[in-house]
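[1] Everything below, folded, please.
(chains A and B)
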Amino acid sequence: MSVKTPSKLEKILAAGHQAVTSECGPPRGSDPEVIREKARLIRDHVDVVNITDNQTSVTRMCSLASCFHLKQMGVEPVLQMVTRDRNRIALQGDILGAASMDIHNILCLSGDHQSFGDCATGQNVHDLDSMQLIQTVRLMRDEGKFLGGGDISRPPEMFVGAAANPFAQPHKIRVPRLAKKIAAGVEFIQTQCIYNLDRFEEWLAEARDRGLTEKVYILAGVTPLKSVGMAKYMKNRVPGMDVPDEVVARMAGVPKEKQAEEGVTICVETIQRLKEVPGVAGFHVMAIEWEEKVPEIVERAGLYPRPAMP
Amino acid sequence: MIVGKQKPIEETWAMVKDFSRVLVFGCNTCVAVCHEGGNKEAQILASLMRMKATQEGLSLEIRDSGIERQCEHEFFESAEKDIEWADAVLSLACGVGVQFMVKRYPEILVYPGLDTCFLGDVEKNGLFTESCQACGKCVLAETAGICPVSRCAKRVLNGPCGGSNKGACEINKDLPCAWQLIVDRLEALGRLADYERLAPIKDWSTERAGGPRKLIHEEFMK
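    Next up, the predicted model:
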C-alpha cells in the first residue's frame, strides 16, 4: 500500500513495521496539563495517540483541542470523531479545523448512545453514520471536495481509520462489515479489545481469505485488566466484549494485590501471540486510565524501541 | 397509526381547572386503538376530573364528547354544539388533532391531553411499537423491509453499530437491534450478499430537517 498522507502512522505501517498506538481520554475540565501528562507517560513507547471524542457520551474537553495540545508537544494525534454529536456541516468543518493544525489521522466512529452519559436527555444527530464519515473524509482528501460539491482549498491530508469488533454478534457479518468499511475507504482499523484470541484469529483468517488484510492495516486492540472485577465487568456489562471464562478464572486465581500484574502479563502474552499472526499490522494499546502501564507492556511485548520516522 | 399516551392527570388538571366549562374531547381512531385518547377514555378522564373538582370544591362543569377523527373537518358536525359550549377543550387527539382544532376554532382554548409518541403498529394486544419516522424517503427496499431510521437508536444506515449485543440494542436489552433483524431477514431470504451494499449518505431534507412538510393534490382542492 503506497503512502498517501504525511501521517507518521501510515509511514510506519507502509514501511512494514508493526505499529503501536494508544489512546488518552480528555479531562472533564479545561486543564490542558491533564492531557499533556498522559501523553508524556506514553510518548516514547507509541507511534501515535488517539484522543477519544466524548467517550461513553460523557462531556469532556473536545478531541480536536486535545489533539492540538499533543501536536504542540510533538506527539502525533489520531483525532477520534463520532457522528453522534455533529451534522455534516460540523463534521466537515472540524475536519478542516484539524487539517489546519496538520492533524493527519482520523478515526471515524458512530459513538456510544447518549443515554450512557451525562446528557441522557440530549438529542443525537447521526446525520451520517461511521461508514459515511469515512467516505466523507476520503472525498475531502482525495477529490478536494465538500459533500455539497464545492472545492476545498488546501484539502485535509488524513490517514483514515475506523473501528472493528470481531466479537459482536452476529459473527457472520463481521468480515462483510470490514469489507464494507474498506469499500467506504478506510485505511486502518483498530479493533475492540481482544481477550478471546481464538475468535480474533478466526475473524482475521476469514478477512485474509478474502484478501482484506492486503487492503487495510489491522491494529489489534488490547486492554490490560486491572482486576478480576474489571474482567467480570467487561465480560458482563460492556456490549460487544468477549472475555472468556478462562481469562476471568486466571485473574481470579491470583491474590488481589497481584491481579494488576497478572492483567499486564495477559496483555503482553496476547501481543506476543498475535505478533506472529499474518495480517496483524500492529497494536492499539488501550490502558484505560492506566497509561503508566503502556511503556512496560510495549517493552515486555518486544515492541520497543519504536521506529524513528522522518 | 399514531400512538399517544395520556399526560398525567395532575398536568392536564392544572391546564383546565380554572375554567368554568371544560370539554374532554376524544379522538376515536388512532389513539383509541392504543387505549389512550378515544371517546371511551375521554369519558373516563372526564369522570375523574369531576371527582377532582368535587374534592377541591371547584364549581367547573366538565363534559365529555368525541368524534372519529379530529384531523378532518367532516367529522366535527356532530360535536359542534359541545365544542361551542366549552370555554376550554382538553383534546385527547394526537398533536395533529389538537392543532387542527386550534385552527378550526380560533376562539376556543384547546389543550393537549396526550403526549404524542410515535408512528407504530399493534405488535400484539397491548403492545405498540414504533416503526416509521416519516423521513419522507423510504429506505425499506434497501433494508429487507425493516426500518433503521425508526428502529435503530442511532438511525445508522450501515449498521449494526458497535453497541449491538446478542441481538439487542445497547440502550436496552429488551429492544431488538434493527440491524440484527435486517441481517437475519437477509439471510432467511438468501440475500445476505446485499448486506455489503453501502447505503449512501441520506437526504434528510424530506424529513423534519427540511421544515414542515405538505402534500398537495390540486385536483381535490376545488
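
[2] Report pLDDT for the closest residue to B:Leu58 other than its chain neighbours.
    Of all residues not flanking B:Leu58 in the chain, B:Lys17 sits nearest, at 6.1 Å (CB to CB, 6 or more residues apart in numbering or on different chains). Where C-beta positions appear, they are placed from N, C-alpha and C, glycine not excepted. pLDDT for B:Lys17: 97.

[3] And the one 10 residues further on, by the same measure?
    Among the per-residue scores, B:Cys27 holds a pLDDT of 98.

[4] Also A:Ile12?
    98.

[5] isn't it right next to A:Ala281, touching?
    No. Using CB atoms under 8 Å, A:Ile12 is not in contact with A:Ala281; the gap is 9.5 Å.

[6] higher neighbour count, those two?
    A:Ile12 (23 against 19; other CB atoms under 10 Å in any protein chain shown).

[7] Quick check: phi and psi on the more buried one?
    phi -60, psi -40 (degrees, to the nearest 10).

[8] what residues are up against the residue lying closest to it once chain neighbours are set aside?
    Closest residue in space to A:Ile12, ignoring its immediate chain neighbours: A:Ala19 at 4.9 Å, by CB to CB, 6+ apart. A:Ala19 is in contact with A:Leu9, A:Ile12, A:Leu13, A:Asp47, A:Val48, A:Tyr217, A:Leu219, A:Ala281, A:Gly282, A:Phe283, counting by CB atoms under 8 Å, 6 or more residues apart in numbering or on different chains.

[9] closest to chain B among these?
    A:Leu219 (15.7 Å; CB to the nearest CB).

[10] Quickly list what the closest one is bridged to.
    For A:Leu219, the beta-bridge partners are A:Gln190, A:Gly282 (DSSP bridges).

[11] what do you get for A:Ala19?
    Residues in beta-bridge contact with A:Ala19 (DSSP bridges): A:Gly282.

[12] ok, now A:Gln80?
    A:Leu107.

[13] The stretch 151-300 of chain A: helices as residue ranges?
    Secondary structure of the stretch 151-300 of chain A (DSSP state H, counting those that start in this stretch): helices at A:174-184, A:197-209, A:228-237, A:245-252, A:259-275, A:294-300.

[14] wait, I meant chain B
    Secondary structure of chain B by DSSP state H: the helices cover B:9-16, B:30-33, B:39-55, B:80-85, B:95-104, B:148-151, B:178-188.

[15] Can I get those in a markdown table including mean neighbour count and distance to A:Gly29?
    Below are those laid out as a markdown table (neighbours: other CB atoms under 10 Å in any protein chain shown; distance: least, CB to CB, whole Å):
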| stretch | mean neighbour count | distance to A:Gly29 |
| --- | --- | --- |
| helix B:9-16 | 16 | 38 |
| helix B:30-33 | 22 | 47 |
| helix B:39-55 | 17 | 49 |
| helix B:80-85 | 13 | 57 |
| helix B:95-104 | 18 | 41 |
| helix B:148-151 | 22 | 37 |
| helix B:178-188 | 20 | 36 |
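
[16] So for B:Leu215, which of those sits nearest?
    helix B:95-104 (13.5 Å; CB to CB).

[17] so what secondary structure elements neighbour the closest one?
    strand B:88-91, strand B:109-112 (3 or more CB pairs under 8 Å, 6 or more residues apart in numbering or on different chains; DSSP states H and E).

[18] Deepest-packed of these, please.
    Mean neighbour count (mean count of other CB atoms under 10 Å in any protein chain shown) peaks for strand B:88-91 among the helices and strands packed on helix B:95-104, with a mean of 25.

[19] Can you say which of the helices and strands packed on helix B:95-104 is nearest to A:Gly122?
    strand B:109-112 (23.6 Å).

[20] So what touches that closest one?
    B:7, B:12, B:15-16, B:19, B:87-91, B:95, B:98, B:101-102.

[21] just checking, what packs against the helix or strand bottoming out on mean pLDDT in chain A?
    Lowest on mean pLDDT, DSSP states H and E among the helices and strands of chain A sits helix A:228-237, with a mean of 95. Contacts defined by 3+ CB pairs under 8 Å, 6+ apart place helix A:228-237 against helix A:245-252, helix A:259-275.

[22] pLDDT of the shortest one, averaged?
    Yep, that's helix A:245-252 we're talking about. The model assigns helix A:245-252 a mean pLDDT of 97.

[23] any idea of the angle it forms with helix A:228-237?
    Orientation check (axes from the mean of the first three to the mean of the last three CA atoms, to 10 degrees): helix A:245-252 against helix A:228-237 gives 160 degrees.

[24] for helix A:245-252, which positions count as buried?
    Using 16 or more other CB atoms under 10 Å in any protein chain shown as the test for burial, helix A:245-252 gives A:Val247, A:Val248, A:Arg250, A:Met251.

[25] How many residues are close by the residue nearest to the first one when sequence neighbours are not counted?
    If the residues on either side of it in the chain are set aside, A:Val247 comes closest to A:Tyr195, at 5.0 Å by CB to CB, 6+ apart. When neighbours are counted by other CB under 10 Å, A:Tyr195 registers 24.

[26] what does A:Met309 give?
    By other CB under 10 Å, neighbour count at A:Met309 equals 14.

[27] Same check on A:Leu13?
    The number of residues packed near A:Leu13 is 22, by other CB under 10 Å.

[28] coming back round to it: and the helices of the stretch 151-300 of chain A: which comes nearest B:Asp194?
    Per CB to CB, nearest to B:Asp194 of the helices of the stretch 151-300 of chain A: helix A:174-184, 10.2 Å.

[29] The closest one and chain B in contact?
    Yes. Residues of helix A:174-184 contacting chain B under CB under 8 Å from any CB of the partner chain: A:Pro176, A:Ala179, A:Lys180, A:Ala183, A:Ala184.

[30] Kindly report the same for stretch A:196-205.
    No. Stretch A:196-205 stays clear of chain B (CB under 8 Å from any CB), getting no nearer than 14.3 Å.

[31] List the residues that contact residue 192.
    Let's take chain A. A:Ala163, A:Ala164, A:Asn165, A:Pro166, A:Phe167, A:Ala168, A:Gly221, A:Gly240, A:Met241, B:Gly162.

[32] wait, I meant chain B there
    So B:Leu192 contacts A:Lys172, A:Ile173, A:Pro176, B:Val183, B:Leu186 (CB under 8 Å, 6+ apart).

[33] Tabulate those (CSV), appending pLDDT and distance to A:Glu262.
    Below are the contacts of B:Leu192 laid out as CSV (pLDDT from 0 to 100; distance: CB to CB, whole Å):
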residue, pLDDT, distance to A:Glu262
A:Lys172, 93, 34
A:Ile173, 96, 34
A:Pro176, 98, 36
B:Val183, 97, 37
B:Leu186, 98, 43
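
[34] Who wins on neighbours among the contacts of A:Gln192?
    Neighbour-wise, the contacts of A:Gln192 (other CB under 10 Å) top out at A:Pro166, 27 neighbours.

[35] Tell me who's in contact with the residue nearest to B:Glu207 when sequence neighbours are not counted.
    Of all residues not flanking B:Glu207 in the chain, B:Cys135 sits nearest, at 4.4 Å (CB to CB, 6+ apart). Contacts for B:Cys135 (CB under 8 Å, 6+ apart) come out as B:Val149, B:Lys202, B:Trp204, B:Thr206, B:Glu207.

[36] Same question for A:Lys275.
    Applying CB under 8 Å, 6+ apart, the residues contacting A:Lys275 are A:Gln18, A:Ala301, A:Gly302, A:Leu303.

[37] Also A:Ala99?
    Going by CB under 8 Å, 6+ apart, the list of residues near A:Ala99 reads A:Arg154, A:Pro155, A:Pro156, A:Glu157, A:Met158.
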